[in-house]
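Colleague: here is my input; please provide its structure:
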Amino acid sequence: MRAVVSFVGAGPGAADLITLRGAARIGAADVVLFSPAAVDPTWLREQARADAELVDVTRLGADELLEVYRTVGSRLGRVVRLLAGDPALVPDLREQRETCEKLGLDVEVVPGVSPVSAAAASTGTTLVEPGADTVVSVEGVESVRELASPGRTLVVHAPAARAADLAEALLAAGLEGDVPVTVAYKVTWPSEAVLRTTVAELAAEVKKANLWRHAHFLVGDTTRARPRPGYRVVEGDQPARWTARARRPRVAGEARQTWPRRGGSTAEPEAQQAEPVVEQQGAEAVQAEEKAVAVKRGTKAAAKKPTARSPRTPARRGAKKA
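Modeller: So this is what the prediction gives:
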């Protein structure tokens with residue numbers, strides 16, 4: 001039997017969003033390494049054993065952290081290293097695993113709820129949909145210009161204080177200023193802040209909200225609160241989604257719009273050409289009937305009343321007097 005180090009995803013921050021397996025590992029651990037920025041220490045103390053040692057990993061250097069692993073390994077104990085969100089999105093997870101394996105420790109990874117997923121859930125949006133089914137997660141602003149694309153959802157984890165640099169990189173990548181951006185700060189925490197803005201207004205809105213620590217920026221059309229002009233909801237057996245194939249409803253009596261056929265012909269169907277003629281004939285019949293009623297009643301003035309012009313017949317201008 002050897003000592004075990006469990007890298008546990010702590011989720012986005014809310015205590016009830018940690019997995020059951022992750023909570024079980026915390027309850028069985030001899031030492032729990034955590035960061036107050038990722039886990040509430042009060043809740044953690046309630047979940048851990050009374051004799052368990054809770055260590056703030058942000059106060060340890062690399063050598064001190066290595067010594068903790070060695071000590072627990074010599075005791076054949078269990079260590080839990082809590083990681084913010086999902087361990088799969090932690091850049092240095094591979095390095096930490098290799099370090100523990102070199103010390104002769106068994107390693108386990110327990111998945112967690114990603115803050116990116118929590119941010120999308122808090123706004124009621126999704127990160128993928130038809131036409132924008134690619135999600136790219138970026139750490140920092142440096143590579144945004146090369147990875148941003150109009151048909152792609154970009155998730156950037158960076159300090160909110162660099163919002164102006166992020167907006168500049170997005171514009172340089174070819175994105176329009178009206179592309180929506182969702183800023184998710186400490187999602188699921190009591191101090192949660194979620195901003196809906198655009199690339200052009202990003203820096204001003206973040207400054208107005210007084211955000212400067214790390215946040216998640218969700219960039220792309222999938223994060224729109226409402227569909228952009230020209231989009232409509234497709235309803236049916238499948239879930240509703242946004243599509244660019246929008247059509248304006250026809251108004252009664254309006255001629256149908258036609259598109260050039262192969263060979264350049266834009267001729268209307270015969271049924272469409274006949275619509276104005278039928279409408280004009282109907283108007284003339286109504287006028288004749290009104291005139292006949294007026295004559296029958298003996299109302300001379302009404303009988304001599306000029307007939308109204310057809311709504312389809314333009315008024316003559318400059319007609320000569322009789």
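
Colleague: mind listing the helices for the stretch 101-250 of the chain?
Modeller: Assigned by DSSP state H, counting those that start in this stretch, the helices in the stretch 101-250 of the chain fall at 115-123, 144-147, 163-172, 202-208.

Colleague: ok, which of those helices comes nearest residue 216?
Modeller: helix 115-123 (5.1 Å; C-beta to C-beta). All C-beta atoms are positioned from the backbone trio N, CA, C, and that covers glycine.

Colleague: tell me which residues of that closest one are tucked away?
Modeller: The neighbour-count check on helix 115-123 (16 or more other C-beta atoms under 10 Å) flags 115-120, 123 as buried.

Colleague: again with stretch 30-37
Modeller: For stretch 30-37, burial by neighbour count (16+ other C-beta under 10 Å) applies to 30-35.

Colleague: could you do stretch 94-105 as well?
Modeller: 96-97, 99-100, 103, 105.

Colleague: which intervals of the protein have sub-threshold pLDDT?
Modeller: 1, 131-133, 225-322 (pLDDT under 70).

Colleague: list just the nearest of the buried residues of stretch 94-105 to residue 199.
Modeller: Closest to residue 199, out of all of the buried residues of stretch 94-105 and judged by C-beta to C-beta, is residue 96, at 35.5 Å.

Colleague: wait, isn't that closest one in contact with residue 69?
Modeller: No. With contacts counted by C-beta atoms under 8 Å, residue 96 stays clear of residue 69, the gap being 9.4 Å.

Colleague: with residue 150 as the reference, measure out to the spatially closest residue to residue 113 that is not a sequence neighbour.
Modeller: Spatially, and ignoring its direct neighbours in sequence, residue 113 is nearest to residue 11 (4.3 Å; C-beta to C-beta, 6 or more residues apart in numbering). Distance, residue 11 to residue 150, by C-beta to C-beta, to the nearest Å: 32 Å.

Colleague: show me the contacts for residue 127.
Modeller: 116, 120, 135, 153, 155, 218, 220, 222-223 (C-beta atoms under 8 Å, 6 or more residues apart in numbering).

Colleague: cool, and residue 158?
Modeller: Applying C-beta under 8 Å, 6+ apart, we find residue 158 in contact with 138-141, 166, 214-215, 217.

Colleague: just residue 19 next, same as before
Modeller: 9, 11, 110-113.

Colleague: the same query, at a cut-off of 7 Å, please.
Modeller: Going by C-beta atoms under 7 Å, 6 or more residues apart in numbering, residue 19 touches 110-112.

Colleague: residue 116 now?
Modeller: Applying C-beta under 7 Å, 6+ apart, the residues near residue 116 are 137, 155, 216.
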